[in-house]
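In: I would like the atomic coordinates for the input below:
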Amino acid sequence: MPAPDSYDAVIVGGGHNGLVAAAYLARAGQSVLVLERLATTGGAAVSTRPFDGVDARLSRYSYLVSLLPQKIVRDLGLDFAVRKRTVSSYTPTVRGGRATGLLVGGDRTRESFAALTGSDREYEAWQRFYGMTRRVAERAFATLTEPLPTRDALRERIGDKEAWRTLFEEPIGVAVEKNFHDDLVRGVVLTDALIGTFADAHDPSLLQNRCFLYHVIGGGTGDWDVPVGGMGALTDALAHAAREAGAQIRVRHEATRIETDGTRAEITVRSTEAEHVVTARRVLVNASPQALAALLGDEPPTPAEGAQLKVNMLLTRLPRLRDRSVDPCEAFAGTFHVAEGYGQLADAYRDAAAGRLPAAPPSEIYCHSLTDPSILGPDLAARGYQTLTLFGLHTPARLFAADNAATRTELLTATLAELDAHLDEPITDCLARDENGEPCIEAKTPLDLEQDLRLPGGHIFHRDLAFPYATESTGRWGVETAHANVLLCGAGAVRGGGVSGVPGHNAAMAALGR
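Out: Numbers count the residues shown, from 1 in each chain. Predicted structure coming up:
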């Protein structure tokens, strides 16, 4: 029997974090093998054409970039760019029987606050609050690609007692209610604490605070940017960088077992041809903590639970709005909030926690193609077609367990009805049709994401987010495991979650002893 192939590092999983790790290690002169069970690399950070015969390449699962450090882009020489959105958000509502809304971003922000609330008080509070979060972002973001600071060291680096208390010590709902008075404004602020996270504003676990923190520190500014060419452009650039540096990438190769003595590991690999074994000094696992435990035969951690609905649409045109003061191209260029008033979010959480779908499902929507029309084929772009991505909140996986398909349909119908309440025409009237005459819309529940991507419980962060500082169990980089030569480089690492490349970078640094 021939000896197994041997490498300095084997990376299990070709998602974006695994590719980051592969590129760094290969550039450091190590022999690297990436094993990806699917036919393509990228994981959840991919672009696909989901509608038959339609030339629209959508960021199917993840869709915006905030947490990817420019350091990684520079270090790896990535041919990848992002664009700023012209609008941060638009939130429609009805006041005094009149359709109106809050437009944030650009020169009209103060005017929009005043028109909604009748004074400058909420606008000024907004400026103060997000001035505070930006100062935290400027000081905290760079730490994500450094060894984990202690809690005290991070608090000292932030250097703002009020900000520390607001973000790290007391439920974010306290600050929202203290600083803002308008229910709609409060809701817009709170949404950053709930993306992919099932929690109440006053949850004592501070899970919502951890989510909020990662949503406001990205890039040192908190800006959420549009990937040019779609999210697949990033993972294509990463795969190219890894291969150029010498890494081998094998798709349709699934790691099924890892055995290690702490210094050498054997990885059992199943491919379409056969099952074989490779060996490595180190293994970096770009998968969930549950998948890592299964590979090692260890006790799995507490299961995670996703809580979101993901919907992709292709439209022949943007819908008309009931609020005629804002152009649809403005409203959908940023994040379009639906049923996300503060009270509505609390009601939706209570509904879901009680085991039923929210009566008014909250969601947020944006149009990638307004900022980056390159994701559309030339003919579609010339005809004015647009994409819409919808992310629904407070829909935990447990709600779909009895009948995923029926519950998906029920939730999608209710979610689109909440959107239609702010439109002058049903959104379904604007949907494009594929080559079979079917409407161009697809919805994914947490159970669908678990099926498609092996996200545990459909949890987009693999598990609940952690504050970005060291604890007794984190290790130096937040990627260490109980096995000295096995590292976790996926979203479930400390400082994981989102499209960041940070766990991949940090696992590579740990492997290199830096």
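In: helices and strands around the lengthiest strand in the chain, which ones?
Out: Across the chain, the longest stretch assigned as strand under DSSP state E is strand 275-285. If contacts are counted by 3 or more CB pairs under 8 Å, 6 or more residues apart in numbering; DSSP states H and E, strand 275-285 sits against strand 5-12, strand 253-260, strand 265-271, helix 289-296, strand 486-488, helix 502-511. Bear in mind the C-beta positions are built from the backbone N, C-alpha and C, glycine included.
In: low-confidence stretches in the stretch 1-150 of the chain?
Out: Low-confidence segments of the stretch 1-150 of the chain (pLDDT under 70): 1-3.
In: quick one: the strands in it?
Out: Using DSSP state E, counting those that start in this stretch, the strands of the stretch 1-150 of the chain run over residues 5-12, 32-36, 47-48, 58-59, 82-83, 89-95, 98-104.
In: and what of the stretch 301-450 of the chain?
Out: 309-315, 335-338, 363-366, 386-392, 441-444.
In: so which helix or strand takes in the residue nearest the centre of the chain?
Out: For the chain, the residue nearest the mean C-alpha position is G498 (3.7 Å; CA atoms, centre = their mean). Per DSSP states H and E, G498 falls between elements, in no helix or strand.
In: among the strands of the stretch 301-450 of the chain, which comes closest to A402?
Out: strand 309-315 (16.5 Å; CB to CB).
In: ok, and what's touching that closest one?
Out: Residues from elsewhere that reach strand 309-315 (CB atoms under 8 Å, 6 or more residues apart in numbering): 50-51, 54, 56, 58, 60-61, 361, 363, 380, 385-392, 395, 408, 411-412, 415, 427, 430-432, 440-445, 449.
In: how about a cut-off of 7 Å?
Out: Contacts with strand 309-315, where a contact means CB atoms under 7 Å, 6 or more residues apart in numbering, come from 50-51, 54, 56, 58, 60-61, 385-392, 395, 411-412, 415, 430-432, 440-445.
In: tell me the mean pLDDT for it?
Out: Averaging pLDDT along strand 309-315 gives 98.
In: tell me the buried residues in it?
Out: Neighbour-count burial for strand 309-315, with 16 or more other CB atoms under 10 Å as criterion, is recorded at 309-315.
In: how far does it sit from the chain's center?
Out: Remark: strand 309-315 is offset 16 Å from the chain centroid, using CA atoms, centre = their mean, to the nearest Å.
In: now do stretch 468-480
Out: 22 Å.
In: ends of it, what's the gap?
Out: 15 Å (CA to CA, to the nearest Å).
In: so which bits of it are buried?
Out: Buried-residue list, stretch 468-480, by 16+ other CB under 10 Å: 468-470, 474-475, 477-480.
In: go on, stretch 357-375?
Out: 357-358, 360-372, 375.
In: right, and A293 touches P300 too?
Out: Yes: using CB atoms under 7 Å, A293 is in contact with P300, at 4.1 Å.
In: just to revisit the earlier point, tell me the one of the buried residues of stretch 468-480 nearest A421?
Out: When these are compared against A421 (criterion: CB to CB), the nearest one is P468, at 38.5 Å.
In: report how many residues lie close to the spatially closest residue to that closest one that is not a sequence neighbour.
Out: Spatial nearest neighbour of P468, chain neighbours left out: R495 (4.9 Å); criterion: CB to CB, 6 or more residues apart in numbering. Number of residues near R495 (other CB atoms under 10 Å) recorded here: 27.
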